[in-house]
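Peer 1: For reference, the sequence and a predicted model appear below.
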Amino acid sequence: MRKITIIGACLLISNMAMAQRTKDLPDKMDRQKLAVKTMYTPGLEPLSPKKLWELGRVAAEGLSKDGKTLVYSVSNYQFDENKSEKNLYTIPVNGGVAKQFTSEAGSESVLKVEENGDVLYTFKGQIWKKNIDGSDAKQLTNIEGGLENVKLSPDGKKIMFSKAVLIKPYHSVDKYKDLPKSDVYIYDNLDYRHWDSWMDGRFNHPFVASYDNGQIGEAKDILEGEAFYSPQMPFGGAEDFAWAPDSKSVFYVCKKKFGTDYAQSTNTDIYQYDLASGTTKNWTEGMLGYDTHPEFNPDGNLFSWLSMKTDGYEADKNDIYILEPGSNRKVNLTAHWDGTVNSFTWSKDGKKIFFTAPVSGTVQVFELGVEKGVWNKMQPKINQITKGDFDITGIVGETKDGLVLTSTKMTRATEVFFFPFKGKELRQITTVNDADYSKMAATKVESRVTKASDGKDLFSWVIYPPDFDPNKKYPTLLFCQGGPQSATTQSYSFRWNFQLLASQGYIVIAPNRRGMPGWGVKWNEDISKDWGGQAIRDYLSAIDDLSKEKYVDKDRLGAIGASYGGYSVFMLAGVHEGRFKSFISHCGLFDMESWYGTTEELFFANHDLGGPYWDKANAKTYTDYNPMRHVNKWDTPILIFQGGKDFRVPIGQGQEAFQAAQLKGIKSRFVYLPEENHWVLSGQNAQVWQREFFGWLSETLK
């Protein structure tokens with residue numbers, strides 16, 4: 001038996017006193033949070049919702065040409081102003097002291113680091129230049145309305161950027177000029193709203209112009225008069241643009257479909273626009289899925305991009321293609337590989353491609369060789385070069401000795417690391433949040449493998465509270481991932497944060513159920529048209545297996561999730577057979593029929609559900625796999641979050657679920673966020689979200 005020291009005895013007495021005071025608190029206080037604070041190692045505090053948002057958000061911005069200096073950004077949230085402030089910093093890649101590079105109020109983003117050490121960056125919509133040592137800051141452009149998604153040509157004499165252009169007068173003030181105070185929208189096609197915005201008839205278009213040290217010539221709209229978007233909506237950016245190595249043409253990603261056709265397709269193509277002739281060529285004609293991320297190799301003789309095969313399937317296997325412009329030969333470099341690519345970059349010598357991809361509950365870096373034999377259908381060898389319980393979230397660049405990468409863990413937000421080709425162990429470069437984490441009580445993360453109901457291995461991450469004691473019993477949460485084809489890896493979220501959940505005294509299990517990438521293409525595809533089937537059984541298998549542990553309090557189990565995860569919660573509420581005592585659903589799908597009739601990206605619904613509810617071939621989707629059809633079995637407290645500007649899962653889904661729960665007399669709560677979309681982006685709204693979230697768990701899992 002462990003000896004009780006004088007300090008330990010004092011702590012025990014203190015804990016008993018705290019327990020008595022907690023017992024006497026009114027029900028509306030967060031008892032769970034108050035109780036668990038005494039569990040932690042003295043001098044360390046649990047991660048709190050406020051502290052989570054006080055962490056610096058790190059992003060790599062660029063490398064100096066010699067590979068010795070990293071430029072990165074840190075965004076810090078300001079609670080009083082309810083906004084973030086982003087500034088740039090520099091730090092030696094091989095170790096050293098970070099220096100602040102910009103300090104003006106606003107956000108700066110690096111365009112490129114030039115050979116002479118000048119850093120070109122955007123600030124308030126204009127291009128600025130500053131030496132990497134922090135000297136000689138100069139504003140180069142002064143363009144009315146500012147510049148977005150800027151790409152400078154290799155010769156430095158031209159510029160490409162995007163601008164919204166009015167093409168269709170959907171809004172009454174544009175259609176009827178004599179009624180400037182009207183506010184009416186008129187549509188004849190779908191794609192009338194997307195993500196969180198109603199379409200006003202303006203389309204993002206790429207523009208090209210001459211450029212001379214900040215002087216921009218007359219810009220040419222290369223999609224003039226066309227009702228198409230480039231960059232893609234709603235999340236496309238400068239990665240949808242590329243310059244030809246000779247600076248004589250530009251490449252852009254575009255889905256050249258309109259209205260109802262646009263809403264039902266993922267068929268983006270990569271187009272080349274020749275500046276001299278004004279002609280356009282489609283480089284991916286006949287390739288029917290997403291074609292994105294155009295990029296040339298260092299020599300400029302090979303063109304590469306990411307491609308999905310199937311039109312309408314947004315989570316299809318993502319492959320790397322290369323094409324030789326001189327001969328038009330093209331080849332799929334990853335066709336033989338049972339995985340899907342997140343992002344890629346060429347090695348400096350052009351002999352390899354480095355790419356990131358999900359694998360076994362993490363995201364890692366892989367490499368493949370690009371040899372002459374690939375044109376003769378020789379399958380390139382693919383090697384995983386990083387390995388560990390972390391995610392590689394981005395490849396920043398290459399030095400002569402290794403790669404500069406960004407990485408996260410479930411217990412650490414993004415920092416920048418160096419990965420040496422020889423040592424192959426990550427070395428941390430930036431340390432933005434290290435001081436904060438040194439004061440936090442640590443949470444343990446372990447992997448767990450369960451036999452699913454069909455006999456297959458089901459991998460899960462299990463996150464334990466700080467100072468976890470296996471001799472105690474803990475309330476336990478089943479985390480249901482969204483997507484549905486999104487991986488649950490070692491990522492770090494500023495809302496669905498596993499470290500934060502565990503720090504409030506909960507064990508969390510996060511299964512890699514059917515539909516998640518990282519376990520082969522078939523595993524990823526198996527969820528389509530089977531939303532309420534094996535994936536839901538996987539969730540039940542995972543929680544049932546963990547519940548066998550003596551430290552899991554089976555009388556205090558909860559299930560939580562958003563989007564498809566919210567759908568999963570609604571489904572589980574009708575089929576869980578008494579396992580759970582509490583549910584939380586954020587922007588979940590409740591009635592598949594009404595959802596199909598109101599969601600905006602119909603290609604997703606058509607592929608994953610099988611199609612519309614009036615087609616009898618899809619009957620199971622709208623009956624057995626429709627949460628609304630199982631409400632007769634609902635009997636468990638449920639909290640429902642809903643964004644007012646969520647057009648992916650519109651507001652009626654949350655309203656219908658809440659109304660059903662209320663009319664059945666079930667303890668339920670509806671938290672409506674009128675200005676939020678499918679996510680929660682406002683810092684103060686996020687704090688309300690967290691307080692309601694943990695308050696609900698305290699009430700229902702006492």
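Peer 2: Nice, I can see it. All values derive from a computational prediction rather than experimental measurement.

Peer 1: any idea how far residue 567 is from residue 580?
Peer 2: Distance, residue 567 to residue 580, by CB to CB, to the nearest Å: 15 Å. Every residue, glycine included, has its C-beta placed from N, CA and C.

Peer 1: of those two, who's got more company?
Peer 2: Comparing residue 567 with residue 580 by other CB atoms under 10 Å, the one with more neighbours is residue 567, at 30 against 24.

Peer 1: Verify the stated contact: that one with residue 625.
Peer 2: No. Contact between residue 567 and residue 625 fails when scored by CB atoms under 8 Å: they sit 9.2 Å apart.

Peer 1: Reduced to three states, what does residue 696 come out as?
Peer 2: helix (DSSP: H, G, I helix; E, B strand; the rest coil).

Peer 1: do you know how far it is from residue 689?
Peer 2: Residue 696 is 11 Å from residue 689, by CB to CB.

Peer 1: for residue 605, same thing?
Peer 2: 27 Å.

Peer 1: what is in contact with residue 567 and residue 625 at once?
Peer 2: Residues within reach of residue 567 and of residue 625 at once, by CB atoms under 8 Å, 6 or more residues apart in numbering, are residue 531.

Peer 1: what about the stretch 1-150 of the chain, any weak spots by pLDDT?
Peer 2: Where the stretch 1-150 of the chain drops to pLDDT under 70, the residues are 1-40.

Peer 1: Show me the helices in it, by range?
Peer 2: 6-23, 31-36, 49-54 (DSSP state H, counting those that start in this stretch).

Peer 1: the helices in the stretch 551-700 of the chain, which residues?
Peer 2: Using DSSP H, counting those that start in this stretch, helices in the stretch 551-700 of the chain cover 564-575, 592-596, 602-609, 619-622, 651-663, 683-700.

Peer 1: all strands of the stretch 451-600 of the chain, in order?
Peer 2: Taking DSSP state E, counting those that start in this stretch to define them, one finds strands in the stretch 451-600 of the chain at 457-463, 474-480, 507-511, 552-562, 582-586.

Peer 1: By mean pLDDT, point me to the weakest helix or strand of this structure.
Peer 2: helix 6-23 (a mean of 32; mean pLDDT, DSSP states H and E).

Peer 1: residues touching residue 219, list them.
Peer 2: So residue 219 contacts 161, 163, 207-209 (CB under 8 Å, 6+ apart).

Peer 1: So for it, what's the pLDDT?
Peer 2: We have a pLDDT of 97 for residue 219.

Peer 1: Point out where this protein drops to low pLDDT.
Peer 2: 1-40.

Peer 1: rewinding a little: show me which of residue 605 and residue 689 is the more surrounded one.
Peer 2: Shown here are residue 605 and residue 689; by other CB under 10 Å, residue 605 has more neighbours (23 against 19).

Peer 1: Compute the distance between that one and residue 595, please.
Peer 2: 8 Å.

Peer 1: Please identify which of the helices of the stretch 551-700 of the chain is closest to residue 49.
Peer 2: Set against residue 49 and scored by CB to CB, those come closest in helix 683-700, at 3.6 Å.

Peer 1: what helices or strands is that closest one leaning on?
Peer 2: In terms of contacts (3 or more CB pairs under 8 Å, 6 or more residues apart in numbering; DSSP states H and E), helix 683-700 is packed against helix 31-36, helix 49-54, strand 582-586, strand 638-643, strand 668-673.

Peer 1: contacts for that helix?
Peer 2: With CB under 8 Å, 6+ apart as the criterion, helix 683-700 contacts 27-33, 49-50, 53, 77, 79, 82-84, 475, 477, 494-495, 500, 504, 506, 558, 581-582, 584, 637, 639, 641, 667, 669, 671, 673, 675-676, 680.

Peer 1: Are any of these buried, and if so which?
Peer 2: By neighbour count, with 16 or more other CB atoms under 10 Å, the contacts of helix 683-700 hold 30-33, 49, 53, 77, 475, 477, 494-495, 500, 504, 506, 558, 581-582, 584, 637, 639, 641, 669, 671, 673, 676, 680 as buried.

Peer 1: and residue 683, how many neighbours does it have?
Peer 2: As a burial measure, residue 683 scores 18 neighbours (other CB under 10 Å).

Peer 1: actually residue 69, sorry about that
Peer 2: 21.

Peer 1: Now do the contacts for it.
Peer 2: Counting by CB under 8 Å, 6+ apart, residue 69 has contacts 63, 90-93, 132.

Peer 1: Farthest pair within these?
Peer 2: Checking these with CB to CB, the most distant pair is 93 and 132, at 12.4 Å.

Peer 1: Give the buried residues for stretch 653-672.
Peer 2: Residues of stretch 653-672 classed as buried by neighbour count (16+ other CB under 10 Å): 653-654, 656-658, 660-661, 666, 668-671.

Peer 1: Kindly report the same for stretch 639-646.
Peer 2: Residues of stretch 639-646 classed as buried under the neighbour-count rule (16+ other CB under 10 Å) are 639-643, 645-646.

Peer 1: So what's the gap between it and the chain middle?
Peer 2: Put simply, stretch 639-646 sits 19 Å off its chain's centre (CA atoms, centre = their mean, to the nearest Å).

Peer 1: And for that stretch, what's in contact with it?
Peer 2: So stretch 639-646 is in contact with 196-197, 562, 582-588, 651, 653-655, 657-658, 661, 668-680, 689, 692-693, 696, going by CB under 8 Å, 6+ apart.
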